[in-house]
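Trainee: Sharing a sequence plus its predicted fold:
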Amino acid sequence: MILPEGFRGAAFSQAADGDASQPQVRAGIASQLEVGTEWADARQVHGRVVIEAIAPGRLGEADGLFTRVAGLPVFVRTADCVPVILEGENSAAVVHAGWRGMAAGVISAARRAMEAAGAAPLRAAIGPSIGPCCYAVGPEVRKVFEGFLVSTRNGEPGIDLWAAAAAQAEGLVQWSARLCTSCDAGFFSHRAGSAARQLAVAWLPDAERVSA
């Protein structure tokens, strides 16, 4: 597990932690993190919808979840897309940001949803995902990310999703794993043909008392 420095309740899993799409693996991760096993998630659709979680379970279609409920973990699954955790004084959020969601501003949407609920984020953790070293894309994607164009390590046209995520988290204290799921053997990668998933999970520790 990767635990971002300076965060109270945030973790990113690795391949060694198992396939996070499996409930038994998440139960083991919950034990390791010393959190409850009842988590909230959503059906990820590569969009910009953000849902507030007030109870565990599958909450609908969304690519961002935040909670003000102490002891309620929220999570997303990734295998090349960018996982982002946002943390405020009385809130915790997770965001699944592939290129479509990033282009739609899903991280910014999560920030706005938290702010509207009186739970503005202060910190952002950008987890492992496909890096600028490996993310080769076609002209239709590069056109959307003109400020984040790069050449991959193979000299192909690509984009830097880490920089795009950091831009949407501008103004927050930021931590970034800067680990590529495609070329680092420690992660599952969709582009490498894996059907398994990592997870990003965020929670407010039980000791925290949040206002409604």
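Mentor: Done, it's in. Numbering: from 1, shown residues only.
Trainee: got the contact list for the most centrally placed residue in the chain?
Mentor: Within the chain, one residue has its C-alpha closest to the average C-alpha position: by Cα atoms, centre = their mean, that is Pro83, at 2.1 Å. When contacts are counted by Cβ atoms under 8 Å, 6 or more residues apart in numbering, Pro83 touches 12, 76, 94-97, 126-129, 198-200. In short, each C-beta sits where N, CA and C put it, glycine included.
Trainee: Doesn't it lie inside a strand?
Mentor: Yes: according to DSSP: H, G, I helix; E, B strand; the rest coil, Pro83 belongs to a strand.
Trainee: Which strand residues bridge Gln174?
Mentor: Gln174 has the following beta-bridge partners by DSSP bridges: Ala124.
Trainee: give the contact list for it.
Mentor: Gln174 makes contacts with 123-126, 166, as judged by Cβ under 8 Å, 6+ apart.
Trainee: what's the pLDDT at it?
Mentor: The predicted local confidence for Gln174 comes out at a pLDDT of 98.
Trainee: And it, how close does it get to Ala97?
Mentor: 14 Å (Cβ to Cβ, to the nearest Å).
Trainee: same thing with Leu122?
Mentor: From Leu122 over to Ala97 (counting by Cβ to Cβ), the distance is 19 Å.
Trainee: Return the residue of this protein that is most distant from the centre.
Mentor: In the chain, counting by Cα atoms, centre = their mean, Gly155 sits farthest out from the average C-alpha position, at 27.6 Å.
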